[in-house]
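**Q** What shape does this take:
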Amino acid sequence: MTSHHLSAAADNPARAEAYALPLDQIDVTKPRLFMDDSIGYYFERLRLEDPVHYHHNQFYGGYWSVTKYQHIMQVDTNHATYSSDWSHGGIGIFDAPIDNRFQMFIAMDPPKHDEQRKTVSPIVAPGNLASMEATIRQRTGWVLDGLPRNESFNWVDRVSIELTTQMLATLFDFPFEDRKLLTWWSDISTAQSGEKQIIKTEQERWVELGKCLAYFTRLWNERVNAPPRTDLISMLAHSPATRHMSPREFLGNLILLIVGGNDTTRNSMTGGLFALHQFPAEMAKLRANPSLVESLVPEIIRWQTPLAYMRRTALADAELGGKQIKKGDKVVMWYLSGNRDEEAIANPNQFIIDRARPRQHLAFGFGIHRCVGNRLAEMQIRILWEEVLKRFPVIEVVGPPVRVFSNFVRGFTELPVRIPG
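**A** Below is the predicted model of the structure:
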């Protein structure tokens, strides 16, 4: 380690802890490190000392952590060697029993992946996005105009969750009055189980997801017997690639679309406000030149990296960063670390809203599994900031954020704010 990193570690207890551990004891899967936001120091050390790092713990078994931008790209763009198929373990680090694995197209290899992805991709085609923009802007305005003044409130609940859940209800043509169920099912599907968590056991998770399947099966049955429409359920019901899905596969794709359309955008909506609070000079820059919203949006997504990782399974022996990966090994691409890689991104630990190449980030993934809804996510965040800038000269963050207890979803449950006025 360089003298610079030694002195930096000495000035910061969380960083000192990350650098004091023997390298072979570094375990970047601990949710606590994400909840207290100290995980970055562990990734920084791995990028410096062991960019393709093997660790074994009791919960996950053995896994490789891939922490540098170029190595993540190598894995993500090579689906022939590194599989995401659920039958090999899927996209999560934990090897769930085969009957409890989500069968969704992000956890499939070609050709089945390609056929199912093609079924839903028209909903985010440029023409469809353009037709949704006015609705998104109108709803964003309503939500912002309804916020309290001169009192503290939780931005996560009142803005981020409300806006993304409304959008999701529109994409599914889901009964608007029941839209909070979508947030609940999204949270349930990604939550760590445990005594202090929203679900205590895996059994409890599957009971709740059974309710999700039952609700959506009713919507499916209505739409499969009606003429095709432009909502996601109708698309799935009428496409030859998806109309004969098993209930388990239908549930898997629902969870993929709910989490993909909800967790990611919602946590970027909160993460962006918090980042601008931490970097007030960037907020001043934005207010002086609102056209910077265009490059602000991808910088928010890089900075937040709302899904911290994706897992693959090696289908053959391979070499990566000088390490020998064996057939069957778990390989975890830590997008959060790649988005802080000093060799790929200039000043990665600075939030800079006018970067020269703001789209150079890994938060959407690469290759065949690149996020299908990335342009919709960017549009929602862009509209939010355009509407915020029109309305509020100041939004004060009045307390520390509360982060999600998860190594997968990098998100927030609370961000207390106040709007003077």
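**Q** show me where the chain has strands.
**A** When assigned using DSSP state E, the strands of the chain occupy the ranges 52-57, 61-66, 82-83, 152-154, 309-314, 318-320, 323-325, 330-334, 396-397, 402-403, 412-414, 416-418.
**Q** Please name the strands paired to the fifth one in the sheet, noting orientation.
**A** Note on strand 309-314: by DSSP bridges, its sheet partners are strand 82-83 (antiparallel), strand 330-334 (antiparallel).
**Q** Please work out which of those strands is packed deepest.
**A** Ranked by mean neighbour count, these are led by strand 330-334 with a mean of 25 (mean count of other C-beta atoms under 10 Å). All C-beta atoms are positioned from the backbone trio N, CA, C, and that covers glycine.
**Q** how big is the angle separating it from strand 61-66?
**A** With axes from the mean of the first three to the mean of the last three C-alpha atoms, to 10 degrees as the basis, strand 330-334 and strand 61-66 are set at 40 degrees to each other.
**Q** can you list the residues that contact strand 330-334?
**A** Strand 330-334 is contacted from outside by 28, 43, 60-67, 72, 75-76, 82, 89, 93, 95, 308-314, 320, 325, 362, using C-beta atoms under 8 Å, 6 or more residues apart in numbering.
**Q** Who are the contact partners of Tyr335?
**A** 72, 305, 307-310, 362-363, 365.
**Q** quick one: contacts for the closest residue to it other than its chain neighbours?
**A** Nearest non-adjacent residue to Tyr335, counting by C-beta to C-beta, 6 or more residues apart in numbering: Leu362, 4.5 Å away. Contacts for Leu362 (C-beta under 8 Å, 6+ apart) come out as 69, 72-73, 76, 305, 333, 335, 338-339.
**Q** And Asn374, by the same measure?
**A** Phe364.
**Q** Now do it against Thr67, distance only.
**A** Distance, Asn374 to Thr67, using C-beta to C-beta, to the nearest Å: 23 Å.
**Q** now Val52, nearest residue through space, not along the chain?
**A** Excluding the flanking residues, the one nearest Val52 by C-beta to C-beta, 6+ apart is Gly321, at 3.8 Å.
**Q** What's the local residue count around that neighbour?
**A** By the criterion of other C-beta atoms under 10 Å, Gly321 has 16 neighbours.
**Q** what does Met245 give?
**A** Residues near Met245, counting by other C-beta under 10 Å: 18.
**Q** same check, this time on Leu257
**A** Using other C-beta under 10 Å, Leu257 is surrounded by 25 other residues.
**Q** For the nearest residue to it once chain neighbours are set aside, give me its contacts.
**A** Closest residue to Leu257 apart from its sequence neighbours, by C-beta to C-beta, 6+ apart: Leu232 at 6.0 Å. By C-beta under 8 Å, 6+ apart, the residues touching Leu232 are 120, 123, 171-173, 257.
**Q** Those into CSV, with extra columns for pLDDT and distance to Asp24?
**A** Formatted as CSV, these follow (pLDDT from 0 to 100; distance: C-beta to C-beta, whole Å):
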residue, pLDDT, distance to Asp24
Val120, 90, 43
Ile123, 88, 46
Leu171, 92, 45
Phe172, 93, 46
Asp173, 94, 51
Leu257, 90, 39
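**Q** Among those residues, name the ones in helices.
**A** Secondary structure from DSSP state H places 120, 171-172, 257 of these in helices.
**Q** Got the phi and psi for Ala363?
**A** Ala363 adopts backbone torsions of phi -60, psi -20, taken as degrees, to the nearest 10.
**Q** surely it meets Pro306?
**A** Yes - under the criterion of C-beta atoms under 8 Å, Ala363 makes contact with Pro306 at 6.9 Å.
**Q** pLDDT value on Ser189, please?
**A** If you check Ser189, the pLDDT there is 88.
**Q** any idea how far it lies from Trp86?
**A** 14 Å.
**Q** again, but for Arg47
**A** 30 Å.
**Q** ok, now Leu307?
**A** Noted for Leu307: a distance of 17 Å to Trp86, by C-beta to C-beta.
**Q** ditto for Val372
**A** 17 Å.
**Q** Comparing these two, which shows the higher neighbour count?
**A** Per other C-beta under 10 Å, whichever of Val372 and Trp86 has more neighbours is Trp86, with 23 against 20.
**Q** Who are the contact partners of the more buried one?
**A** With C-beta under 8 Å, 6+ apart, Trp86 has these contacts: 101-104, 107-108, 252.
**Q** pLDDT score assigned to it?
**A** The predicted local confidence for Trp86 is 92.
**Q** Not counting sequence-adjacent ones, nearest residue to it?
**A** For Trp86, the spatially nearest residue (C-beta to C-beta, 6+ apart) is Ala107, at 4.1 Å.
**Q** In helices, which of the contacts of Leu362 fall?
**A** Taking DSSP H, the ones among these that sit in helices are 69, 72-73, 76, 335, 338.
**Q** coming back round to it: now the residue nearest to Val52: how far from Leu219?
**A** Separation of Gly321 from Leu219 (C-beta to C-beta) stands at 46 Å.
**Q** Render the CA-only coordinates of stretch 325-343 in CSV, please.
**A** The C-alpha trace of stretch 325-343 is given here as CSV (Å, rounded to 0.1, in the frame of the first residue of the first chain):
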residue,chain,number,x,y,z
ILE,A,325,-11.2,-19.4,-12.5
LYS,A,326,-12.4,-23.0,-12.4
LYS,A,327,-15.6,-24.3,-14.1
GLY,A,328,-18.5,-24.0,-11.7
ASP,A,329,-16.9,-21.1,-9.7
LYS,A,330,-19.1,-18.1,-8.7
VAL,A,331,-17.9,-14.8,-10.1
VAL,A,332,-19.3,-11.6,-8.7
MET,A,333,-19.1,-8.4,-10.7
TRP,A,334,-19.1,-5.6,-8.2
TYR,A,335,-20.5,-2.7,-10.3
LEU,A,336,-20.3,-0.4,-7.3
SER,A,337,-16.5,-0.9,-7.2
GLY,A,338,-16.0,-0.7,-11.0
ASN,A,339,-17.8,2.7,-10.9
ARG,A,340,-15.1,3.9,-8.5
ASP,A,341,-12.2,2.5,-10.4
GLU,A,342,-9.5,5.3,-10.7
GLU,A,343,-8.0,3.7,-13.8
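**Q** ok, the contacts of Tyr335 vs Glu17, which is closest?
**A** Nearest to Glu17 among those is Ala308, at 19.4 Å by C-beta to C-beta.
**Q** Contact partners for the closest residue to the closest one other than its chain neighbours?
**A** In this structure, Ala308 finds its nearest non-sequential neighbour in Leu336, 4.4 Å apart by C-beta to C-beta, 6+ apart. Contact analysis of Leu336 by C-beta under 8 Å, 6+ apart lists 39-40, 43, 305, 308-309, 410.
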